Structure formats: structure tokens, C-alpha cells
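> Take a look and give me a structure for this.
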Amino acid sequence: MAFYASFGTVMLLLAVTAPAALLFGFGGAVAARSHFAPLRWFGKGYTAVVRGVPDIAFFLFFVIALDQAFEWLRHQVKCPDWDMPVRQGSDFVVCAAAKLPLSSSPQWVHEVYGFAIAVLTFAIVFGAFAANVLYGAMRAVPRAQTETAEAYGLSRRQTFWRILVPQMWVYALPGLSNLWMILIKATPLLFLLGVEDIVYWARELGGSKTQVYSYPHPDWRLYYFLALLVFYLALTRVSEVVLTRLTNRLSRGQATVAGEAQRRAA
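Presented below is the predicted three-dimensional model:
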């Protein structure tokens with residue numbers, strides 16, 4: 001039953017991480033376009049640093065860094081009289097009241113906390129890629145559109161929210177579609193982050209059956225991972241159909257190749 005429930009864990013990760021990463025990406029793209037230099041440097045630095053480091057290194061780093069950052073903040077609030085250093089060699093030591101989660105917490109709290117850290121890590125990493133895609137999409141909107149809005153007296157903020165943002169999605173969707181596919185294929189990294197996902201249970205159940213049933217199937221992991229292969233192929237196929245329809249819907253009336261093809265077909 002835990003193996004079956006792990007499929008729900010993967011779908012929940014995708015449902016939560018996709019909008020969170022899009023939010024991080026939108027914030028990074030807006031920051032990269034900012035006229036305020038420090039904010040612009042932060043936005044461009046965020047995308048450059050995350051995109052320039054291997055994903056697995058960031059996944060393994062962020063889980064530890066975020067966990068220790070949260071515990072350190074709690075330590076400063078809950079244990080102000082602590083007179084020992086937090087860093088003791090290679091150990092990170094905080095008071096018992098600052099541990100996340102508490103040692104007395106039930107098991108489901110530990111699992112939810114680990115899942116939340118994983119979601120935040122996925123959102124930060126994929127948000128940097130989304131920021132680069134959205135930044136390029138904003139620059140792809142024809143300048144004549146924003147100039148017309150300015151000529152009609154719209155402010156810079158009104159032009160951004162009413163003209164630029166609604167039109168950028170058709171340019172951003174191809175890149176976001178690829179990013180969604182990569183996110184689907186990256187979900188097995190939950191296994192490395194300590195979350196009991198479908199890869200974890202496929203290995204555990206396949207390994208246990210290998211020891212018990214040596215004949216006629218000496219290694220049941222083959223069949224479990226074959227089921228994962230079918231699951232991911234079906235998920236990506238459904239995603240392709242949905243994204244294609246969404247692209248066609250957003251291309252209507254747009255000054256793009258797809259929009260022009262639709263006008264000619266009509």
C-alpha cells in the first residue's frame with residue numbers, strides 16, 4: 001500500500017512544485033528586468049548560479065542548508081542563553097527545543113517536514129530555469145505593443161500587467177513545457193532527499209521478493225521499474241496532449257507563427 005501511495009506522493013510533488021517554481025521564476029524574471037540595480041543583479045545572479053551548478057549538487061546542498069538555516073533561526077529565538085558554539089567541528093548542534101521537527105513529534109510530522117523541504121528545493125532550482133524562460137518571453141513581446149500602451153497613457157505598471165504579462169505566455173510556453181517534462185523526470189530525486197517515493201519502494205519491494213521468490217523470477221525489481229517506466233511514459237504523454245492544446249489556445253490572435261497558421265487555416 002505504501003508503494004501505491006508513493007504514486008500520489010509524486011503527483012503531489014508535481015502539483016505543488018510546478019506553481020511554486022513558476023512563482024520563483026516570475027519573481028526572478030521581474031527582478032532581472034528591474035531598473036533598480038541591486039535587484040537586477042540579484043535576479044540575474046540567481047538564474048546564473050543555479051543554472052551553472054549541477055542539479056544533484058544543489059538538491060543535496062539545499063536540503064542540508066535549509067534544514068540548518070531553519071534550526072538556527074529557531075535556536076536564536078528559543079535558546080538565547082545558549083553559550084556553546086553552534087558549529088562544533090563538522091557537527092551542527094542546536095538546543096533540543098530548536099530541532100526541526102522535534103524528536104517527540106510523530107512520524108508523519110517528520111515525513112511532512114522532509115517533503116516540504118524537498119518541495120522548496122525543487123522550487124528554488126527549477127524556479128531559476130523558469131526565470132530564464134520568462135525573462136526571454138518578456139523580451140520577445142513586440143516593442144510596438146508596449147509603445148502603444150504608453151501612447152494611450154498607461155503607466156509602466158499598467159503596461160506590465162495588462163500588456164506584457166498576458167502576451168508573454170505564448171512565447172514562454174514552449175520553454176515551460178520542456179521544463180515541466182524535465183521536472184517530471186527529476187521526481188526520482190526524491191529518493192536521494194530521503195522521501196519514500198516510488199523509486200524507493202520499487203527497490204525495497206523488488207529486493208525483498210528477490211530473496212523470497214528465487215524461482216521463476218530471480219529479480220522482481222525489473223518488473224517494478226518496468227511499471228515505473230510505463231507510469232512516466234503515460235504521464236509525459238498526457239502532458240504533451242494538454243500542453244499542445246494550451247499552446248493552440250494561447251496562440252489565437254497572436255502575432256506568432258502558430259497564430260498566423262491558425263488565421264490561414266480559418
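
> use CA for all of it now, contacts and neighbours both
Fine.

> where do the helices sit along the stretch 1-150 of the chain?
2-32, 37-51, 55-78, 107-140, 143-151 (DSSP state H, counting those that start in this stretch).

> Quick check: which of those has the most neighbours on average?
helix 107-140 (a mean of 20; mean count of other CA atoms under 10 Å).

> what's residue 110 in contact with, if anything?
With contacts defined as CA atoms under 8 Å, 6 or more residues apart in numbering, the neighbours of residue 110 are residue 101.

> Any chance of JSON lines for the helices of the stretch 1-150 of the chain, columns distance to residue 96 and mean pLDDT?
What follows is the helices of the stretch 1-150 of the chain, written out as JSON lines (distance: least, CA to CA, whole Å; pLDDT from 0 to 100):
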{"stretch": "helix 2-32", "distance to residue 96": "30", "mean pLDDT": "89"}
{"stretch": "helix 37-51", "distance to residue 96": "33", "mean pLDDT": "89"}
{"stretch": "helix 55-78", "distance to residue 96": "9", "mean pLDDT": "83"}
{"stretch": "helix 107-140", "distance to residue 96": "15", "mean pLDDT": "88"}
{"stretch": "helix 143-151", "distance to residue 96": "56", "mean pLDDT": "85"}
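
> pLDDT (mean, whole number) over stretch 243-251?
If you average the pLDDT over stretch 243-251, you get 82.

> now residue 79, nearest residue through space, not along the chain?
In space, and not counting its chain neighbours, residue 79 is closest to residue 95: 6.8 Å by CA to CA, 6 or more residues apart in numbering.

> Would you mind pulling the contact partners of stretch 14-22?
In contact with stretch 14-22 (CA under 8 Å, 6+ apart) are residues 119-120, 122-128, 130-131, 180, 183-184.

> still on that earlier bit, adding distance to residue 192, write the helices of the stretch 1-150 of the chain out as JSON lines.
Shown next, in JSON lines, are the helices of the stretch 1-150 of the chain (distance: least, CA to CA, whole Å):
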{"stretch": "helix 2-32", "distance to residue 192": "14"}
{"stretch": "helix 37-51", "distance to residue 192": "19"}
{"stretch": "helix 55-78", "distance to residue 192": "8"}
{"stretch": "helix 107-140", "distance to residue 192": "10"}
{"stretch": "helix 143-151", "distance to residue 192": "45"}
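
> what residue ranges in the stretch 151-266 of the chain score low on pLDDT?
By pLDDT under 70, the low-scoring segments of the stretch 151-266 of the chain are 206-219, 253-263, 266.

> just checking, residue 243 touches residue 175?
No - using CA atoms under 8 Å, residue 243 is not in contact with residue 175, being 11.2 Å away.

> In TSV, list the contacts of stretch 14-22 along with distance to residue 57.
As requested, the contacts of stretch 14-22 are arranged in TSV below (distance: CA to CA, whole Å):
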residue	distance to residue 57
119	16
120	15
122	12
123	15
124	13
125	11
126	14
127	16
128	15
130	19
131	20
180	20
183	16
184	18
